[in-house]
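**Student:** Sequence below, structure please.
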Amino acid sequence: MSSYRLSGDEGVGLYEPDDIRKPDFERVAAVLLDRLRACTGLTATVSDVLDELGWLTSVSRDVLEPRHRPVASVVGQVQTLAYLPSRRHVLHDGYRETPSRLAHLVLYRLARAGDVVVIDARAETPTSVLGGLAANAGARMGLAGVIVDGAVRDVDQIAAAGLPVWSRSVTPRSGKSRMEAVSVNAPVHCGGVQVAPATSQSPMQPGSASCPWPWSRRSHRVCSRSRLKSRTRSTPAARSSAAAWSTSV
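**Tutor:** You can find the predicted model right below:
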């Protein structure tokens, strides 16, 4: 029988919750995502377009802080992960035989290079669900970024990994025995808005806002017609089948 220590990393990130949904959504053309990444001021333009189309998905810069070194705009399709606080005490009987219920590596297996991972990890007491090892694994597989409505730790290692990461807070408090994954690629709460998998996201850069927006040919058409050709601003976009998240300075 395996023995799991709170200070160890064996099995961390491999928990499979009952609700795991395959990312079989429609993909936005890579050439279009590249065009969006090349835009300046993308988030604000997307925010304006979403307002025009009736979507409430903007997230203010002071809600989710960057934990990485400055980078260009991040744009990619979203895959999601949701956590709830565990109902068991961290040192409950049998905890040494109970593996961590963090699930970032399970989601990474489903993601593609260029995707943005959005994690709902709200808790009364800030509890980290992503640290240096998880950030390095995400960077190696080519994720565009990770957005955590909750806490992270190891911010020096996150910065060194080169993976853009935003979070609500920072804490040394581990989520290994305190947080439990409940779904992969189900709709989640992030920064006060609903984010659906496949949403196109352009994550925030220092000094900007971000918004997930439902992706559609119409939203693309309106974006192109408004400021994408001239002074596009960066915002996250999300749709039930294809979505994107964008953030920029």
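
**Student:** which intervals of this structure have sub-threshold pLDDT?
**Tutor:** The model of the chain has pLDDT under 70 over residues 1-10, 72, 89-97, 199-249.

**Student:** Grab the longest helix from it for me.
**Tutor:** helix 42-53 (DSSP state H).

**Student:** buried sites along that one?
**Tutor:** 42-50 (16 or more other Cβ atoms under 10 Å). All C-beta spots, glycine's among them, are computed from the backbone N, C-alpha and C.

**Student:** does the residue most central in space within the chain sit in a helix or strand, and which one?
**Tutor:** Geometric centre of the chain, nearest residue: residue 118, 2.2 Å, by Cα atoms, centre = their mean. Counting by DSSP states H and E, the element that carries residue 118 is strand 116-120.

**Student:** can you put the buried residues of helix 42-53 in JSON lines and add distance to residue 162?
**Tutor:** JSON lines is the format used below for the buried residues of helix 42-53 (distance: Cβ to Cβ, whole Å):
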{"residue": "42", "distance to residue 162": "21"}
{"residue": "43", "distance to residue 162": "21"}
{"residue": "44", "distance to residue 162": "26"}
{"residue": "45", "distance to residue 162": "27"}
{"residue": "46", "distance to residue 162": "25"}
{"residue": "47", "distance to residue 162": "27"}
{"residue": "48", "distance to residue 162": "31"}
{"residue": "49", "distance to residue 162": "30"}
{"residue": "50", "distance to residue 162": "29"}
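
**Student:** Out of those residues, which comes closest to residue 12?
**Tutor:** residue 43 (32.9 Å; Cβ to Cβ).

**Student:** Isn't residue 165 up against residue 132?
**Tutor:** No. Contact between residue 165 and residue 132 fails when scored by Cβ atoms under 8 Å: they sit 10.5 Å apart.

**Student:** For the two, indicate the residue with more neighbours.
**Tutor:** residue 165 (26 against 17; other Cβ atoms under 10 Å).
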